[in-house]
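Engineer: model the following, please.
(2 chains)
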Amino acid sequence: MGMAAVLASPLQVSDASRSLVDRNYNVLVGRVRDLLSDDYDVEIGEQAPSAENIDRAMTLLSDAFQVMRSPFPRAFASTTGRGDIRIYWRSGELDLHLIIPADVGEAPSLYLHDGGSESFDRDVSSAQLADRLSRFSRA
Amino acid sequence: MRQGPAGEQQVHPPLECSSLVYRLARKRSDLNPDTNELSPAVFIRQEHYDDQGLSVVIEDAVPLEQVCTSERYARRCYGVATLHVGRLRDHMLEVEPDDFDHANVTGVPYPSDEPQRAESLSRWLAKHARTVWRRP
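Structural biologist: Alright, predicted model coming up:
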């Protein structure tokens, strides 16, 4: 296997670890899909994320997963009921929020809280997301 | 502030710092399925029911079982968490009653107005909320 192939492969971990890592990712994919069928109160204007927005979230997560060199951390998915998608990672004092707005013309953003500091990035790429997620392997 | 039957404004006494207020989870995904804690998304200010601030129920005024089941508070309820009023004040948030059983946590912006502060507060509020009931 050449260096390019090594760099392109998602993770260099044991089979057992890989299985665990895949499970975290797959669980999150299922949780994002479950947002489509959550119990929305349509009478007050709540709505599920659109299929297009679910696809956008899946693409971002999948692309980040492919380039990550560290285990994919456990996460869960929520929404405010306005068609947005919110994904949360937490470990100790490290919190990461991925916000995918309902309007597909509006770029995703990332909020990071790490101990005493915090940052907010707009127009987030999969590489940025992977970089932020890699912090969880050091947390 | 809500108005009384004759249209006059009713004044409600301020809450003690020792008071608790309830915030409700209205959807399945409002709960973290790994921990059963309320998601930070629950503490994002919502335009459809948080017009005066984060809508909360006053714990002293309503038994927990009634909060979970009465449509007065939510048409759907998947979980309930308490917030400590004194702790909110320590974090520069105020809790303003507008009915005998209802208050608004003020100082929480809409995410469209201040996205970073909205996320920061949602993280902090979720961390300091204590889940006291969830749908079996």
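Engineer: is residue B:25 in a bridge, and if so with what?
Structural biologist: In this structure, residue B:25 bridges to residue B:79 when assessed by DSSP bridges.
Engineer: which bits of chain A sit near chain B?
Structural biologist: With C-beta under 8 Å from any C-beta of the partner chain as the criterion, chain A comes near chain B at residues A:31, A:34-35, A:38-41, A:43-46, A:74, A:76-82, A:86, A:88, A:95, A:97, A:99, A:109, A:111, A:113, A:118, A:120. In this view, the C-beta of every residue, glycine as well, is placed from N, C-alpha and C.
Engineer: for ChimeraX, what selects the buried ones among those?
Structural biologist: A single ChimeraX command is used to select the members of the residues of chain A next to chain B judged buried by 16 or more other C-beta atoms under 10 Å in any protein chain shown:
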select /A:31,35,38,40,41,46,74,76,77,78,79,80,81,82,86,88,95,97,99,109,111,113,120
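Engineer: the strands in chain B, which residues?
Structural biologist: B:20-25, B:54-58, B:79-84, B:94-97, B:102-106, B:130-134 (DSSP state E).
Engineer: for those, give me TSV that also has mean pLDDT.
Structural biologist: TSV is the format used below for the strands of chain B (pLDDT from 0 to 100):
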stretch	mean pLDDT
strand B:20-25	97
strand B:54-58	97
strand B:79-84	98
strand B:94-97	97
strand B:102-106	97
strand B:130-134	96
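Engineer: can you add mean neighbour count and give these back as JSON lines?
Structural biologist: Below are these laid out as JSON lines (neighbours: other C-beta atoms under 10 Å in any protein chain shown):
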{"stretch": "strand B:20-25", "mean neighbour count": "23"}
{"stretch": "strand B:54-58", "mean neighbour count": "23"}
{"stretch": "strand B:79-84", "mean neighbour count": "23"}
{"stretch": "strand B:94-97", "mean neighbour count": "19"}
{"stretch": "strand B:102-106", "mean neighbour count": "21"}
{"stretch": "strand B:130-134", "mean neighbour count": "16"}
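Engineer: show me what contacts the nearest residue to residue A:36 once chain neighbours are set aside?
Structural biologist: Leaving aside its sequence neighbours, residue A:36 sits nearest to residue A:48 (C-beta to C-beta, 6 or more residues apart in numbering or on different chains; 5.2 Å). Going by C-beta atoms under 8 Å, 6 or more residues apart in numbering or on different chains, residue A:48 touches A:35-38, A:40, A:79, A:83.
Engineer: phi, psi for residue A:48 please.
Structural biologist: For residue A:48, the backbone dihedrals are phi -80, psi 160 (criterion: degrees, to the nearest 10).
Engineer: show the pLDDT at it.
Structural biologist: In the predicted model, residue A:48 carries a pLDDT score of 96.
Engineer: now swap in residue B:6 and tell me
Structural biologist: Predicted confidence (pLDDT) for residue B:6: 56.
Engineer: if we can go back for a sec, ok, so of the contacts of residue A:48, who is nearest chain B?
Structural biologist: For the contacts of residue A:48, the minimum distance to chain B (C-beta to the nearest C-beta) is 4.8 Å, reached by residue A:38.
Engineer: the closest one and residue B:28 touch, don't they?
Structural biologist: Yes - between residue A:38 and residue B:28 there is a contact under C-beta atoms under 8 Å: 5.3 Å.
Engineer: where does pLDDT dip in chain A?
Structural biologist: Within chain A, the ranges that satisfy pLDDT under 70 run A:1-21, A:139.
Engineer: right, I mislabeled it, should have said chain B
Structural biologist: Scanning chain B for pLDDT under 70 picks out B:1-9.
Engineer: which residues of it lie near chain A?
Structural biologist: Applying C-beta under 8 Å from any C-beta, one finds that chain B approaches chain A through B:26-30, B:32-34, B:39-42, B:44, B:46-49, B:75-76, B:78, B:111, B:115-116, B:119-120, B:122-123.
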